[in-house]
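Visitor: Pasting the sequence and the predicted model now:
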Amino acid sequence: MSEEPKKIYFSYNDIHQTIKDMAGQIKSSGYDPQLMVAIGTGGFIPARILKTFLDKPIFTVGISYYDSENNPKDSPQKIQWIDEVEKKLQGKRILLVDEVDDSRVTLEYCLRELLKHQPAEIAVAVLHNKRKEKRGEIPREVEHYFYGLELEDAWICYPWDADDILEQDRLSRS
């Protein structure tokens with residue numbers, strides 16, 4: 001009988017405060033992105049909250065790496081990409097946003113795709129970085145790597161995935 005993986009619960013307030021703190025890191029680093037690219041679906045909400053603090057436009061990309069049972073596929077696949085991508089990305093300072101750096105495979109894939117469009121600079125912002133060995137790597141061209149919190153390797157339960165938000169809030173406090 002396999003053991004249930006440890007779960008970590010976050011409330012929307014936890015997420016908002018973590019992103020506010022991360023926005024402070026980004027600003028104090030001197031990196032000033034011209035736009036953000038949110039990896040869907042996990043990066044949508046963190047990017048939108050980050051927009052409150054950085055006031056930059058958001059483009060979205062859809063990348064599929066997990067199947068319906070949350071098992072990784074052989075490799076990530078594009079589901080949605082940016083229209084007229086060269087006009088919007090070439091020569092720009094980009095901040096790629098996602099909710100979690102788990103295996104790093106999706107981040108690496110998306111960064112390499114974005115680098116094909118010759119941005120001036122590129123950086124990464126993730127809400128949570130898991131302390132674990134990564135299968136992917138951050139390309140050397142990436143200027144900065146920002147994260148809100150570093151966590152153990154556990155299952156992260158985000159409020160936007162909750163069926164019962166009141167129970168999610170209760171569990172986030174325990």
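Guide: Okay, I see it.
Visitor: Please count neighbours and contacts with C-alpha atoms only from this point.
Guide: Noted.
Visitor: So what's the gap between the longest helix along the chain and the chain middle?
Guide: Across the chain, the longest stretch assigned as helix under DSSP state H is helix 12-29. Averaging C-alpha coordinates over helix 12-29 and over its chain gives two centres that are 13 Å apart (Cα atoms, centre = their mean, to the nearest Å).
Visitor: so what does the next helix or strand after it touch, helix or strand wise?
Guide: Scanning forward in sequence from helix 12-29 by DSSP states H and E, the next helix or strand is strand 35-40. In terms of contacts (3 or more Cα pairs under 8 Å, 6 or more residues apart in numbering; DSSP states H and E), strand 35-40 is packed against helix 44-54, strand 58-66, strand 93-101.
Visitor: Try it again at 6 Å.
Guide: Helices and strands touching strand 35-40, by 3 or more Cα pairs under 6 Å, 6 or more residues apart in numbering; DSSP states H and E, are strand 58-66, strand 93-101.
Visitor: re the thing from before, what angle sits between the longest helix of the chain and helix 44-54?
Guide: Computed with axes from the mean of the first three to the mean of the last three Cα atoms, to 10 degrees, the direction of helix 12-29 lies at 50 degrees from that of helix 44-54.
Visitor: pull the helix or strand with minimum mean pLDDT from the chain.
Guide: For the chain, the helix or strand with the lowest mean confidence is strand 72-80, at a mean of 64 (criterion: mean pLDDT, DSSP states H and E).
Visitor: ok now do residue 38, which residues does it touch?
Guide: 44, 47, 60, 97 (Cα atoms under 6 Å, 6 or more residues apart in numbering).
Visitor: ok, 8 Å please
Guide: 44, 47, 58, 59, 60, 61, 96, 97, 98 (Cα atoms under 8 Å, 6 or more residues apart in numbering).
Visitor: show me the contacts for residue 120.
Guide: 90, 91, 92, 93, 94.
Visitor: Helix, strand, or coil at the second one?
Guide: Just to be clear, that refers to residue 91. Following DSSP: H, G, I helix; E, B strand; the rest coil, we place residue 91 in the coil state.
Visitor: Please verify my assumption that it contacts residue 115.
Guide: No: counting by Cα atoms under 8 Å, residue 91 stays clear of residue 115, with 10.5 Å between them.
Visitor: what about those two, which has more around it?
Guide: With neighbours defined as other Cα atoms under 10 Å, residue 91 and residue 115 compare such that residue 115 has more, 18 against 14.
Visitor: Fine by me, thanks again.
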